[in-house]
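# This is a predicted model, with the sequence first.
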Amino acid sequence: MVGDMSMLNGKPGTAAPAPGLIWAETGFAREHRNGDERREGGPAQMRIRIAVAASLFLLVVGISVPGETETVGRSKISTPGLEIWRIVEPEVRGRVKAYDEIQFKGGERVEIRAGGCVQTGGKGLTWKRYVDPQGPNSDRLYHGLIRLPGMDGLRRIREVIGTPQEIPRDRSGRLELGYEDDDYSDNGYWGKDDGTGGQCRGVENAWVEIVIIRQK
Ligand SMILES: [Ca+2]
């Protein structure tokens, strides 16, 4: 799919917009409406946002798409110096899953965004927010997890959202995403409901975006 301009033919409101446009629309929309995301105003943050805005602008107007790839549940936009991954419906049926195609090198800066809801299983309304779950046992369960090279172990995604992460210079490796639960067998994205206490009413299925500033 690299450089395939046919991917850009979809228009908002048509039955099957191009995947890249879905991304652009949802990415911008989330900047303004998703309470899971915290924003900071530092120079690094600004640099990332400018880079992302520039790449999405090029994508939307169709001037140039340096590289776009898509596999089931994952898509990537890459430009020189920048790579953006979107993972739709991250795995929640196990403690941890490695994403081998998403690789980091020492010195790279990474921004993480995430949101949406997950089926956690059980009786009644059982969907919960992926980043900031609420309801019984949500103090110890139901959080989406992440591990980047250099992290001692899995961390809750909510702890790293909005704070640019830097990969230690002597480390490299792949992305790992995980999930907290005491029964993984009934998890997934089936049987959508409004969630415990209505926390998932009108909320999409879980997603994670990884923005990587490549070292020159
Ligand atoms: Ca469960």
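Cool, got the structure. Residues are numbered from 1 along each chain as shown.

# per-residue pLDDT, the residue in the chain positioned nearest to the ion?
Closest to the ion within the chain is G121: 3.6 Å, counting by CB to the ion. Just so you know, the C-beta spots here come from the backbone N, C-alpha and C atoms, and that holds for glycine as well. pLDDT, G121: 96.

# gap between it and R174?
Applying CB to CB, to the nearest Å, the value for G121 to R174 is 28 Å.

# if we can go back for a sec, neighbours around the nearest residue to the residue of the chain closest to the ion once chain neighbours are set aside, how many?
Excluding the flanking residues, the one nearest G121 by CB to CB, 6 or more residues apart in numbering is D186, at 2.7 Å. Look at D186: counted by other CB atoms under 10 Å, it has 14 neighbours.

# bridging residues for the nearest residue to G188 once chain neighbours are set aside?
With sequence-adjacent residues excluded and distances taken as CB to CB, 6+ apart, G188 is closest to Q119, at 5.1 Å. For Q119, the beta-bridge partners are W127, G188 (DSSP bridges).

# In this structure Q119 contacts Y130, no?
No: distance between Q119 and Y130: 10.7 Å, which falls outside the contact criterion (CB atoms under 8 Å).

# which of those two has more neighbours?
Between Q119 and Y130, counted using other CB under 10 Å, Y130 has the larger neighbour count: 27 against 21.

# quick one, what contacts the more buried one?
Y130 makes contact with 90, 92, 114-118, 143-144, 157, 206 under the criterion CB atoms under 8 Å, 6 or more residues apart in numbering.

# let's see 7 Å
Applying CB atoms under 7 Å, 6 or more residues apart in numbering, we find Y130 in contact with 114-118, 144, 206.

# Show me which residues of the protein are close to the ion?
120-121, 181, 183, 186-187 (CB under 5 Å from the ion).

# from the residues you listed, which would you call buried?
Using 16 or more other CB atoms under 10 Å as the burial test, the residues of the chain next to the ion include 120-121, 181, 187 as buried.

# Doesn't E70 belong to a strand?
Yes: assessed by DSSP: H, G, I helix; E, B strand; the rest coil, E70 belongs to a strand.

# what's across from it in the sheet?
Taking DSSP bridges as the rule, E70 bridges to S75.

# What is the neighbour count of it?
Residues near E70, counting by other CB under 10 Å, number 16.

# Check the one 10 residues further on too.
Applying other CB under 10 Å, we find 9 residues neighbouring P80.

# can you list the contacts of Y130 in CSV and add neighbour count, distance to P80 and secondary structure?
Compiled in CSV, the contacts of Y130 are given as follows (neighbours: other CB atoms under 10 Å; distance: CB to CB, whole Å; DSSP: H, G, I helix; E, B strand; the rest coil):
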residue, neighbour count, distance to P80, secondary structure
A114, 26, 26, strand
G115, 25, 28, strand
G116, 23, 30, coil
C117, 24, 35, strand
V118, 26, 35, strand
G144, 28, 30, strand
A206, 28, 30, coil
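
# So, low pLDDT: which residues of the protein?
1-66, 216 (pLDDT under 70).

# For it, which segments are assigned as helices?
In the chain, the segments counted as helices under DSSP state H are 19-33, 43-61, 157-160.
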